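**Student:** Take a look and give me a structure for this.
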Amino acid sequence: MAIKAYRPTTPAQRQKTTQDFDQITTKKPMKSLTMAKKQNAGRNNSGRITVRHRGGGVKRHYRILTHNLPKDLTLTIEEIEYDPNRSARIARVKDQNGVYYYVLADTNMRKGNKFTTGDEVAIEESNRLPLENIPVGTFVYAIELTPGRGAQIARAAGTSVQLMAKENGYATLKMPSGEMRKVLLSCQASIGTVGNVQHQNIKLGSAGRVRRKGIRPTVRGVVMNAADHPHGGGDGGRHGSGKAPRTPWGQLTLGYRTRRNKKTNKYIVRSRHEGKRR
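**Tutor:** This is a model prediction of the structure:
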């Protein structure tokens, strides 16, 4: 996949790049595998804003992906589709019983290709099987954290995880962040790398394009009033408050450790923070 640049007819067009959509084979999603997606502008069920800078944006339908495919399936790829709700492409596949699924599309998936799921399937790209049956050194994606729960690791565009070791019932995985983590060998994983690898290189180029994604403007705390942010107030200078950086609600940031689930520390062999555990 290549990155497409625009003719520099305006300042925004000069910076803007977009994806090459040649891999996509259809623009029409399968109606039975989509559902309405209500926009909530970052609010929870109580109406309180829990995620700031969200609102507006174009309407979209949610594609129902299957992250926990049944075993012993032979799946045929019928279409590669665009999904507005995630960075990766999705594949519409049909099993030997005529049942359709949406799954994450990897770099090897093409219309008409086939792949399989099960405990003893071939070690080939796109196939899905337990980590205990995958050779050490293989790159995998869509990995389970808990057996039977479905894929939770490595689902974004261009991501993959390397299987480094297998011992005492656990697989050691090297995450994209550099973290080394243990996962049960009975967890399922797909072989390969998630597609659309150039996604991170796209330049939005204009403010309007960001707004259409549903992202509203972000304002720095130092330019607010003292009543609105811990960094606000002052004599109009560009300096900060002289205190440690804080969130709008007074929580310390930039180095303040916020990891709460210490029970899973035993599964982290090496932290992504240069050996420090959070």
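**Student:** Distance across stretch 225-243, terminal residue to terminal residue?
**Tutor:** End-to-end distance for stretch 225-243, by CA to CA, to the nearest Å: 16 Å.
**Student:** Okay, now the unreliable bits of the protein?
**Tutor:** The chain contains residues with pLDDT under 70 at 1, 241, 274-278.
**Student:** and the longest strand for it?
**Tutor:** Among the elements of the chain assigned as strand by DSSP state E, the one spanning the most residues is strand 73-81.
**Student:** What strands line up against that strand, and which way round?
**Tutor:** Here strand 73-81 is paired, per DSSP bridges, with strand 90-94 (antiparallel), strand 114-117 (antiparallel).
**Student:** okay, those, which one's buried deepest?
**Tutor:** strand 90-94 (a mean of 23; mean count of other CB atoms under 10 Å). From N, CA and C alone the C-beta is placed, and that goes for glycine too.
**Student:** before we move on, back to that, quick one: which of the strands paired with strand 73-81 is nearest residue 67?
**Tutor:** strand 90-94 (11.4 Å; CB to CB).
**Student:** correct me, but residue 248 touches residue 218?
**Tutor:** No: using CB atoms under 8 Å, residue 248 is not in contact with residue 218; the gap is 11.4 Å.
**Student:** Show me the helices in this structure, by range?
**Tutor:** Assigned by DSSP state H, the chain shows helices spanning 11-15, 207-212.
**Student:** Other residues contacting the shortest one?
**Tutor:** By CB atoms under 8 Å, 6 or more residues apart in numbering, the list of residues contacting helix 11-15 from outside reads 6, 7, 8, 203, 205, 206, 208, 209.
**Student:** What of stretch 16-30?
**Tutor:** For stretch 16-30, contacts defined as CB under 8 Å, 6+ apart pick out 1-6, 61, 63, 79-82, 89, 92, 100, 102, 111, 195-196, 198-199, 201-206, 209.
**Student:** List only buried entries from those.
**Tutor:** Among these, the ones that count as buried by 16 or more other CB atoms under 10 Å are 1, 63, 79-82, 89, 92, 102, 195-196, 198-199, 204-205.
**Student:** Going by distance to residue 239, which of the residues you listed wins?
**Tutor:** residue 204 (30.5 Å).
**Student:** That closest one touches residue 210, doesn't it?
**Tutor:** Yes: with contact defined as CB under 8 Å, residue 204 counts as touching residue 210 (5.5 Å).
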